[in-house]
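Enquirer: how would this look folded up:
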Amino acid sequence: MTTSQSTYPIGTPGRPWGEAEVAAWQSRQRVQRSYRDDVLAAVDALRSRSDVIPYGQLDYPPDSYPLLAIRSRDWREALPCVLVTGGVHGYETSGVHGALQFADRHAADYAGKANLMVVPCVSPWGYERIHRWNMRALDPNRSFRDNSPAQESAALMRLVAPFRDRVLGHVDLHETTDTDESEFRPALAARDGVAYVPGEIPDGFYLVDDSEHPQPAFQQAIIDAVAKVTHIAPADARGEIIGSPVVGPGVIAYALKALGLCAGITDAPYKTTTEVYPDSPRATPEQCNAAQVAAVCAAIDYALQHAR
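Expert: Numbering: from 1, shown residues only. Predicted coordinates for the structure are as follows:
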């Protein structure tokens, strides 16, 4: 089901939200799961094998959220760095749990080959409320820029700054869900005071390449690996996925840095954004997590093999 902007329960059609509308939106958000139980506990369980790095704290009174990253214990200056991020949109569950599963089951495979920095849940407030935005009704994944208005984005950029010039690859783990059309895009239109134009949700996994620095062979290697785990999204009748032209099987491209997207925070030659479709009748939660892990492993393997 889709929701038109005229029926969205907050705001006046054609008028961007002000503080009153943001406050009304905040009042509707409810905690539905626990960042501490689901994420922090899983990170703590890795302390015997990896370094756990505190990189900030989100303060959204009355709540506060410690931000933690998982780093290779054998971090060496001579090794290339790989960044894995999940939960930039907190509601995208397999991004968070896929990152944790990779750190638990596969990080050791790259010891002595790459420095890994895994940030499993960039937006814990959104994770707990199963929401795309942060508490200020801002999308962290449009806020990765200087003087970011989003605490989540600014904290991650500070974490990455000391090694950003040595990042060989970055995999940013996301989902495309039915609620993108039933809730989040209508809410975005209402927030910005524009008309909501319904879109189409693809059934399957796809990737977002960097249109400014495309790496089609890299993206294809990831698609090939994920296709062994779950199905790949086909193009629609217009040859598009979510309104963007398909540039390869299961691949579209955005200008990552210009749009303030997480995957654009470094100049890594190999970067991608994954998009899992958890609402598909053909996929289970376990498959969604496994698809994220397969994507990360394939990305790292390709990047290391083709490092200059």
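
Enquirer: residue 259 - nearest residue in space that isn't next to it in sequence?
Expert: residue 142 (6.5 Å; CB to CB, 6 or more residues apart in numbering). No exception for glycine: its C-beta is placed from N, CA and C like everyone else's.

Enquirer: distance of that neighbour from residue 189?
Expert: 14 Å (CB to CB, to the nearest Å).

Enquirer: neighbour count winner among these two?
Expert: Counted by other CB atoms under 10 Å, residue 142 and residue 189 do not tie: residue 189 has more neighbours, with 20 against 17.

Enquirer: grab the nearest non-local neighbour of the more buried one.
Expert: residue 196 (3.7 Å).

Enquirer: check residue 92 too.
Expert: residue 175 (3.8 Å).

Enquirer: try residue 21
Expert: residue 11 (4.9 Å).

Enquirer: quick one: the one you found and residue 229, what's the gap?
Expert: To residue 229, residue 11 is 40 Å away according to CB to CB.

Enquirer: neighbour count: those two, which is higher?
Expert: When residue 11 and residue 229 are compared for neighbours, residue 11 comes out ahead with 22 against 19, by other CB under 10 Å.

Enquirer: and the helices in the stretch 151-300 of the chain?
Expert: Residue ranges of the helices in the stretch 151-300 of the chain, as given by DSSP state H, counting those that start in this stretch, are 151-160, 179, 185-192, 216-226, 285-305.

Enquirer: gap between the fourth one and the chain center?
Expert: In terms of CA atoms, centre = their mean, to the nearest Å, the centre of helix 216-226 is set 18 Å apart from its chain centre.

Enquirer: buried ones in that helix, by neighbour count?
Expert: 218-223, 225-226 (16 or more other CB atoms under 10 Å).

Enquirer: just the last one next, same as before
Expert: Buried residues in helix 285-305, counted by 16+ other CB under 10 Å: 287-304.

Enquirer: show me the contacts for the closest residue to residue 133 other than its chain neighbours.
Expert: Nearest residue to residue 133, sequence neighbours excluded (CB to CB, 6+ apart): residue 139, at 5.6 Å. Taking CB atoms under 8 Å, 6 or more residues apart in numbering, we find residue 139 in contact with 89, 132-133, 150, 188.

Enquirer: tell me who's in contact with residue 213.
Expert: residue 269.

Enquirer: could you find the closest non-adjacent residue to residue 256?
Expert: residue 264 (3.2 Å).

Enquirer: do residue 268 as well
Expert: In this structure, residue 268 finds its nearest non-sequential neighbour in residue 167, 4.2 Å apart by CB to CB, 6+ apart.

Enquirer: which ones are touching the one you found?
Expert: Contacts for residue 167 (CB under 8 Å, 6+ apart) come out as 80-83, 160, 266-268.

Enquirer: any stretches of this structure with poor pLDDT?
Expert: 1-6 (pLDDT under 70).

Enquirer: now the strands for the protein?
Expert: 51-60, 63-71, 81-86, 115-119, 167-175, 206-210, 240-241, 244-245, 251-254, 270-276 (DSSP state E).

Enquirer: could you dump these to JSON lines with distance to residue 98?
Expert: Output for the strands of the chain, formatted as JSON lines (distance: least, CB to CB, whole Å):
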{"stretch": "strand 51-60", "distance to residue 98": "18"}
{"stretch": "strand 63-71", "distance to residue 98": "13"}
{"stretch": "strand 81-86", "distance to residue 98": "6"}
{"stretch": "strand 115-119", "distance to residue 98": "10"}
{"stretch": "strand 167-175", "distance to residue 98": "5"}
{"stretch": "strand 206-210", "distance to residue 98": "14"}
{"stretch": "strand 240-241", "distance to residue 98": "20"}
{"stretch": "strand 244-245", "distance to residue 98": "23"}
{"stretch": "strand 251-254", "distance to residue 98": "19"}
{"stretch": "strand 270-276", "distance to residue 98": "8"}
